[in-house]
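1. pasting the sequence and the predicted model now:
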Amino acid sequence: MATPICLFFPLDVVLRYISRVMTLLPGDLILTGTPAGVGALAHGDQVTVSIEGVGSISNPVVKED
């Protein structure tokens with residue numbers, strides 16, 4: 001189950017602001033930063049991204065040599 005996201009500005013406000021200065025196309029990503037309480041990634045962590053109706057992808061975090 002996805003963790004609810006708490007943004008400083010509501011998502012509709014963010015989308016309206018961005019669409020004033022650029023055209024948003026299908027597939028565009030809007031990065032909003034890191035929610036409070038999230039720490040740094042560490043070796044051995046697993047990162048999973050899910051998009052409703054599309055699916056999920058998981059990647060392990062590995063220490064760089």
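-> Ah, there it is. Numbers count the residues shown, from 1 in each chain.
2. next, give phi and psi for Ile51.
-> As for Ile51, its main-chain torsions (degrees, to the nearest 10) stand at phi -120, psi 120.
3. which parts of the chain are strands?
-> 46-51, 55-60 (DSSP state E).
4. CSV please, covering these and showing distance to Val21, mean pLDDT and mean neighbour count.
-> For glycine as for every other residue, the C-beta is placed from the backbone atoms N, C-alpha and C. Below are the strands of the chain laid out as CSV (distance: least, Cβ to Cβ, whole Å; pLDDT from 0 to 100; neighbours: other Cβ atoms under 10 Å):
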stretch, distance to Val21, mean pLDDT, mean neighbour count
strand 46-51, 25, 90, 10
strand 55-60, 30, 95, 9
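5. Asp28 is nearest to which of these?
-> Comparison of the strands of the chain against Asp28 by Cβ to Cβ identifies strand 46-51 as nearest, at 13.2 Å.
6. how close does the residue most central in space within the chain sit to Met22?
-> The residue lying closest to the centre of the chain (Cα atoms, centre = their mean) is Leu31, at 6.1 Å. Leu31 sits at a distance of 14 Å from Met22 (criterion: Cβ to Cβ, to the nearest Å).
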